[in-house]
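Student: Starting from these lines, generate the structure:
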Amino acid sequence: MRAIPAIDVARLRAAVLVALPLLAIVAARAAADVTAPEGFTPLFNGRDLAGWRGRPHLDPREDARGDDAGRQARQKQWDDDLAAHWKVADGVIVSDGHGVFLTTARDYGDFELLVDWMLPAPCADSGIYLRANPQVQIWDPGCQRDRVHGAEKGSCGLWNNPADSPGRFPLVKADMPIGEWNTTRIAMRGERVSVTLNGQLVVDAQPLANFFEKGRPLPDRGPIQIQTHGAPMHVKNVFLRETPR
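Tutor: Alright, predicted model coming up:
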């Protein structure tokens, strides 16, 4: 076999060193190339968690308390926790299941929200808080442990609503198998929430109960949160359209 001349090897190495940064730029641009459906705005840019902050399960009244310095220090602590447990990998938001919730930096009133989510492991459990209130439930319908809570009925019901209230459990089980992506559309009008999961209506304009002030109306505005509940959660394609009241 003919040996490769030393000059060819050197040129090959030089070409690789030039090409690698270019490939990285192309990959970064591809990851950033998030196209929103007409009328919607991306809440996730495909690269990083810009536009999001850390925040735990918290009564909105508590979030507003304290002076500016105290609130800023508390937010810094939450954001550090967010960075420890949430990351972006290959255009997907990945949570290890621990720490604070992924929370929009802005508050929203009435809106339509599109989000794709995936539970990578059996018996995983998560959810989407609306105006900081729990929640559009996400879990594994095949988990025997959670059957006592009604997991076998499927995801995306308003599980924290009072027992036996309409909408607490989905109208149909529409979940994809664990490890596959699910597409969710959430419409919030006043206190009423409609949810479509994988093209099937699972909640039909039912009121979301105020978790923190029982029997009182929901706040007019609040952040959207992706819950952590002890198991990994993956999210992508997050788009929002604000709608007039």
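
Student: from here on, contacts and neighbour counts on C-alpha atoms
Tutor: Fine.

Student: Report how many residues lie close to G97.
Tutor: 20 (other Cα atoms under 10 Å).

Student: From the chain's centroid, how far away is the longest strand seen in the chain?
Tutor: Counting residues, the longest strand found in the chain (DSSP state E) is strand 233-242. From the chain centre to the centre of strand 233-242 is a distance of 6 Å (Cα atoms, centre = their mean, to the nearest Å).

Student: how much space between the residue nearest the centre of the chain and V88?
Tutor: Compute the mean C-alpha point of the chain, and by Cα atoms, centre = their mean the closest residue is I226, 4.3 Å away. Between I226 and V88 the computed distance is 14 Å (Cα to Cα, to the nearest Å).

Student: domains for this protein, by residue range?
Tutor: Split into domains by automatic domain parsing, the chain comes to 1-33, 41-242.

Student: Dump the ones you listed to CSV, plus mean pLDDT.
Tutor: Output for the domains of the chain, formatted as CSV (pLDDT from 0 to 100):
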stretch, mean pLDDT
domain 1-33, 44
domain 41-242, 97
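
Student: Deepest-packed of these, please.
Tutor: Most buried of these, by mean neighbour count (mean count of other Cα atoms under 10 Å): domain 41-242, with a mean of 19.

Student: what about it, start to end distance?
Tutor: So domain 41-242: terminal residues 9 Å apart, Cα to Cα.

Student: Strands of the protein, start to end?
Tutor: Under the criterion DSSP E, the chain contains strands at 41-42, 52-55, 86-89, 92-95, 101-104, 111-118, 125-130, 133-139, 182-189, 192-197, 200-207, 225-226, 233-242.

Student: how about these, which one is nearest G167?
Tutor: With Cα to Cα as the criterion, G167 lies closest to strand 200-207 of the strands of the chain, at 5.4 Å.

Student: just to revisit the earlier point, between the strands of the chain, which gets nearest to D79?
Tutor: Comparing the strands of the chain by Cα to Cα, strand 52-55 comes nearest, at 4.7 Å.

Student: Quick check: neighbours of the closest one in the sheet, parallel or antiparallel?
Tutor: strand 101-104 (antiparallel) (DSSP bridges).

Student: What lies in contact with the strand it pairs with?
Tutor: 51-57, 82, 86, 223-228 (Cα atoms under 8 Å, 6 or more residues apart in numbering).

Student: how about it as PDB, C-alpha atoms only?
Tutor: What follows is strand 101-104, C-alpha atoms only, in PDB (Å, rounded to 0.1, in the frame of the first residue of the first chain):
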ATOM      1  CA  PHE A 101     -39.500  25.100  37.600                       C
ATOM      2  CA  LEU A 102     -38.700  26.500  34.100                       C
ATOM      3  CA  THR A 103     -40.700  29.700  34.200                       C
ATOM      4  CA  THR A 104     -41.400  32.400  31.600                       C
END
